[in-house]
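K.L.:
just to be clear, the model below is a prediction. Sequence and coordinates:
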Amino acid sequence: MRAVVCAAIVLAIAPFGLPLFAMTLLTEALILGLLAMSLDLMVGYTRLISFGHAAAYGLGAYTSGYLLLHTSLPLPFAVLAASALAGAVAIGVAWVCTLATGISFSMLTLAFAQLLYAVAFKWTSVTGASDGLAGIPRRAGPFGITMFQTKDGYYYLVLFCLLGAYAFCRSLVRSPFGAVLRGIRENEAKTLSLGYNTRLYKIAVVAVSFALGGLAGALYSPFAGFANTDLLFWLFSGQVLIMVIVGGQGTLHGPILGAAFFMLLEHVLSLYTESWALFFGLIFIGFVMFAPEGIWGLLTRRVRA
Amino acid sequence: MDLLPFLLTQCLNALSQAALLFFLGVGLTLIFGIMRIVNFAHGTFYMLGAFIGYSSARVTGSFWAGLVIGPLIAGAIGAAFEMGLLRRLYRRDASAFLMVTFGLTLVLGEIIRLIWGVDALQLEVPEVFSGIVFLFDEPFPTYRLFLAGAGVVVAVGIWQFLERTRLGLLIRATSQNAEMVHALGVDVNLVRTAIFGIGCGLAALGGVLAAPLVTASLGMAGNAIIDAFVIVIIGGMGSFLGSLLAAVLVAFVQVFGTYYFPDFALAAMYMLMLLVLVIRPGGLLGKEA
């Protein structure tokens, strides 16, 4: 807990010490961290391996982008509306996907994400097809708040969302609800026979996870100024899963670290080589083979030893 | 255009498409049946086959050489990967395989980009099949007929291989009870290596055969892996017959979907898969949900 507070304070004063380009990287890392953390609820706590989490991100990004471009909704409301939509869609998605378990579940989530990808490609009037949505404004907030228009102000909005979501997830996984999720992870049949309707719990956790993932996406499109089909692509879903695993699944803060590590590595590697994906793949394989507990696991093992 | 010739050419089109999908799906489903693992790199082996096929055809001047060399090299790489990495993971849960093979997708994809570059490469259709035939006065490319034929030959070949050979017997036995096979003195690891290599080789075979139609390009892997998964899920994981059935079904949906509902063709395949899963969560011929 103390570490989390320290991290929050460091992040809060970061804009005073870091140059502008570093702030851009950091903001994006926090947004991806929020996305990875939301996936951790499914992967790390419930053992629902989703290969389609890009769907949540893309849904949020397109929705907030569309709302900011075509309505006069203030930015925070557009972001919240997009998050709510992602959560609502997830209920339907989860209802179908939880018909299957294990690997079939993973593949179904992948299929749903691809379906969304196909829709984004074809529904030109709303999504702009392969061009995507461009020129998404960071509109001034309600009550004349203009701080979201600046880079630092937007960073604080992202940080606020991440910390809020973290506090929410933390209390969620420590609640009786979270205990049932862990029960599903360890032994679903047993949890079912204890009288818990595991399918309802799974649908609920997917909805929460998508709402938070949608929140991340909704924050991304006004930050980047655009939303395109890359955000819905299966490769991106895989990358988010990598962030969760590399960071340390089932810990909430691990995946945030994983996302930051991912961003940093991509940035550093792409300075030296065009083939950063090659090294990235190798590092990832190394983690799965030799350190399945992730960065966070490695760190805490070192501390305890 | 008359209805009958139109239907005939579209059906043949769909069957040639089904052959390509079958090559993709059957390897994945065999690997799953034996090893209980999902090979995320399957689409990348398909792509690798297309690129190696292209290069060997360039060097030897013969499409057929490429058709042999591509699957052989891709199969060997697959087998080596199984021996080097996957073998260490059998005690871990299934998600570890999914992630390691995803890592392999990144690595192999990047290596292919470094060797062959980013441009799409056109593999020429072999001379014998470069023409067109007329069916009820409708022109139809001979190569597509050849594809449909090749699909039938390979399907029968795999079926006979599984039913009549000793390795086929071991493969079927291992998929039912690996420990028992091991206890009977068979090196199960060798069977696994063999099936992983064969599966990757079959995907590569599909890649070489598809290359004249779609060109060898870096985008191949992504589409292929999705198609392969859809087929395996619709057919039922681990079911050979299921993958055949699903390949034909998906091909017909793709071909006729593209013709009648061009805007929804991309989505049609996923709708089909969702429909199958809602009715039969384990797939058409799958045993487990």
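P.N.:
Structure's in. What do you need?
K.L.:
leaving out sequence neighbours, find the closest residue to B:Gly27.
P.N.:
B:Gly199 (3.4 Å; CB to CB, 6 or more residues apart in numbering or on different chains). No exception for glycine: its C-beta is placed from N, CA and C like everyone else's.
K.L.:
if you could redo that for B:Ile111, that was the one I meant.
P.N.:
Nearest one to B:Ile111, counting by CB to CB, 6+ apart, is A:Leu278 at 6.7 Å.
K.L.:
check B:Gly286 too.
P.N.:
B:Gly236 (2.4 Å).
K.L.:
so the one you found sits right up against B:Gly242, yeah?
P.N.:
Yes. Counting by CB atoms under 8 Å, B:Gly236 does reach B:Gly242; the two are 4.0 Å apart.
K.L.:
now residue 271: which helix or strand?
P.N.:
Chain wasn't specified; assuming chain A. Applying DSSP states H and E as the criterion places A:Leu271 in helix A:253-272.
K.L.:
wrong chain, I was asking about chain B
P.N.:
helix B:265-279.
K.L.:
list the residues that contact B:Leu284.
P.N.:
B:234-236, B:239, B:242, B:245-246, B:276 (CB atoms under 8 Å, 6 or more residues apart in numbering or on different chains).
K.L.:
among the residues you listed, which lie within helices?
P.N.:
With helices taken from DSSP state H, the overlap with the contacts of B:Leu284 comprises B:234-235, B:242, B:245-246, B:276.
K.L.:
can you tell me which residues contact A:Cys97?
P.N.:
A:105, A:108-109, A:112, A:206.
K.L.:
could you single out the nearest of these to B:Tyr260?
P.N.:
Nearest to B:Tyr260 among the contacts of A:Cys97: A:Phe112, at 23.8 Å, using CB to CB.
K.L.:
if we can go back for a sec, I'd like the contacts of B:Leu284 as CSV, with distance to B:Asp187 appended.
P.N.:
Output for the contacts of B:Leu284, formatted as CSV (distance: CB to CB, whole Å):
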residue, distance to B:Asp187
B:Ile234, 33
B:Gly235, 29
B:Gly236, 28
B:Ser239, 25
B:Gly242, 28
B:Leu245, 33
B:Ala246, 32
B:Val276, 37
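K.L.:
mind picking the two most distant members of those residues?
P.N.:
B:Ser239 and B:Val276 (12.7 Å).
K.L.:
show me what residue of chain B gets nearest to chain A.
P.N.:
Distance from chain A to each residue of chain B (CB to the nearest CB) is smallest for B:Leu106, at 3.1 Å.
K.L.:
okay, the angle between the helix or strand encompassing the residue nearest to B:Ile111 and helix A:253-272?
P.N.:
Taking DSSP H and E as the definition, one finds A:Leu278 inside helix A:276-290. Angle, helix A:276-290 to helix A:253-272, by axes from the mean of the first three to the mean of the last three CA atoms, to 10 degrees: 140 degrees.
K.L.:
so which elements touch whatever helix or strand comes next after helix A:276-290?
P.N.:
The helix or strand immediately downstream of helix A:276-290 is helix A:294-304, counting by DSSP H and E. For helix A:294-304, the elements it packs on are helix A:234-247, helix A:253-272, judged by 3 or more CB pairs under 8 Å, 6 or more residues apart in numbering or on different chains; DSSP states H and E.
K.L.:
the ones you listed: which one's closest to chain B?
P.N.:
With CB to the nearest CB as the yardstick, what comes closest out of the helices and strands packed on helix A:294-304 is helix A:234-247 (5.2 Å).
K.L.:
and the closest one, how far out from the chain middle?
P.N.:
10 Å (CA atoms, centre = their mean, to the nearest Å).
K.L.:
is that helix in proximity to chain B?
P.N.:
Yes. Judged by CB under 8 Å from any CB of the partner chain, helix A:234-247 and chain B are in contact via A:234-235, A:238, A:241-242, A:245.
K.L.:
tell me the confidence at residue 106?
P.N.:
Picked chain A for this. Note for A:Ser106: predicted pLDDT of 82.
K.L.:
nope, chain B please
P.N.:
86.
K.L.:
quick one: contacts for the closest residue to it other than its chain neighbours?
P.N.:
Distances taken as CB to CB, 6+ apart place A:Gly281 nearest to B:Leu106, at 3.1 Å, with adjacent residues excluded. Listed by CB under 8 Å, 6+ apart, the contact set of A:Gly281 reads B:103-107, B:110.
K.L.:
and the gap between A:Gly281 and B:Thr105?
P.N.:
7 Å (CB to CB, to the nearest Å).
K.L.:
re the thing from before, can you pull the phi and psi angles for the residue of chain B closest to chain A?
P.N.:
Note on B:Leu106: backbone dihedrals following degrees, to the nearest 10 are phi -60, psi -50.
K.L.:
contacting residues for it?
P.N.:
Counting by CB under 8 Å, 6+ apart, B:Leu106 has contacts A:277-278, A:280-281, A:284.
K.L.:
so which of the residues you listed is the most crowded?
P.N.:
When neighbours are taken as other CB atoms under 10 Å in any protein chain shown, the top entry among these is A:Phe284 (25 neighbours).
K.L.:
wait, that residue touches A:Val244, no?
P.N.:
No. Counting by CB under 8 Å, A:Phe284 stays clear of A:Val244, with 11.6 Å between them.
K.L.:
what does chain A have sitting close to chain B?
P.N.:
Counting by CB under 8 Å from any CB, the residues of chain A near chain B are A:49, A:51, A:96, A:99-104, A:106-108, A:110-112, A:114-115, A:118-119, A:121-122, A:233-235, A:238, A:241-242, A:245, A:275, A:277-278, A:280-282, A:284-285, A:288-289, A:292.
K.L.:
buried subset of the ones in helices among the contacts of B:Leu284?
P.N.:
By neighbour count, with 16 or more other CB atoms under 10 Å in any protein chain shown, the ones in helices among the contacts of B:Leu284 hold B:234-235, B:242, B:245-246, B:276 as buried.
K.L.:
which one's the longest helix in chain B?
P.N.:
Longest helix in chain B, counting by DSSP H: helix B:3-35.
K.L.:
buried sites along that one?
P.N.:
So, applying 16+ other CB under 10 Å, buried residues of helix B:3-35: B:9-10, B:12-35.
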